[in-house]
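J.: Here's my sequence, what's the structure:
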Amino acid sequence: MDNLEDLYQEIILSHNKRPRNEGELTPHNHEAEGYNPLCGDRLKIYVQQDGPKVEAVKFTGEGCAISRASASIMTEAIKGLSGAELEAKIHEVVEMLTAKEEPEVDPFEIGELAALLGVRKFPARVKCATLAWHTLEAALKNENRVSTE
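T.: Numbering: from 1, shown residues only. Here you go, the predicted structure:
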């Protein structure tokens, strides 16, 4: 199990050092700002949809390694999703990170999202990992801001 945890840590560090899809997105038709006052994380999510399908998604902001990595992983995980698939993915990840019971997930099925599971061991950091997902949800609902508090 240590090897798997080491792999997850490497994925988090890689996405923090070299985030995927970081920067402003022009044009975009949805955006929202997210703030985690506990940690000081601030993210802005930009989404370009063609109908219900996510054509592109990017983020900007400052934060801890977990919030930046989660945002980066999220941008990769939702491209091409639409409607119910997109809503289900947001719900799945937030539930996976916040459920009281240990989630039963196949790490190979969820890919790099599995790296975020380690955050469950540190309850104070769960809000760091879910910030990008809550901000994405706010953007899709045309809400300008969201906070973890």
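J.: does the nearest residue to Glu31 once chain neighbours are set aside count as helix, strand or coil?
T.: Of all residues not flanking Glu31 in the chain, Tyr46 sits nearest, at 4.9 Å (CB to CB, 6 or more residues apart in numbering). No exception for glycine: its C-beta is placed from N, CA and C like everyone else's. In three-state terms, and counting by DSSP: H, G, I helix; E, B strand; the rest coil, Tyr46 is strand.
J.: so who does Tyr46 touch?
T.: By CB atoms under 8 Å, 6 or more residues apart in numbering, the contact set of Tyr46 is 24-25, 28, 30-31, 57-60, 139.
J.: Top of these by number of neighbours, please.
T.: Phe59 (29 neighbours; other CB atoms under 10 Å).
J.: Please enumerate the strands of the protein.
T.: Ranges of strands in the chain, per DSSP state E, are 30-36, 41-50, 53-62, 145-147.
J.: Now do the shortest one, average pLDDT.
T.: Looking back up the chat, that one is strand 145-147. Average pLDDT, strand 145-147: 93.
J.: ok so, going back, Cys128 versus the residue nearest to Glu31, what's the distance?
T.: Distance, Tyr46 to Cys128, by CB to CB, to the nearest Å: 20 Å.
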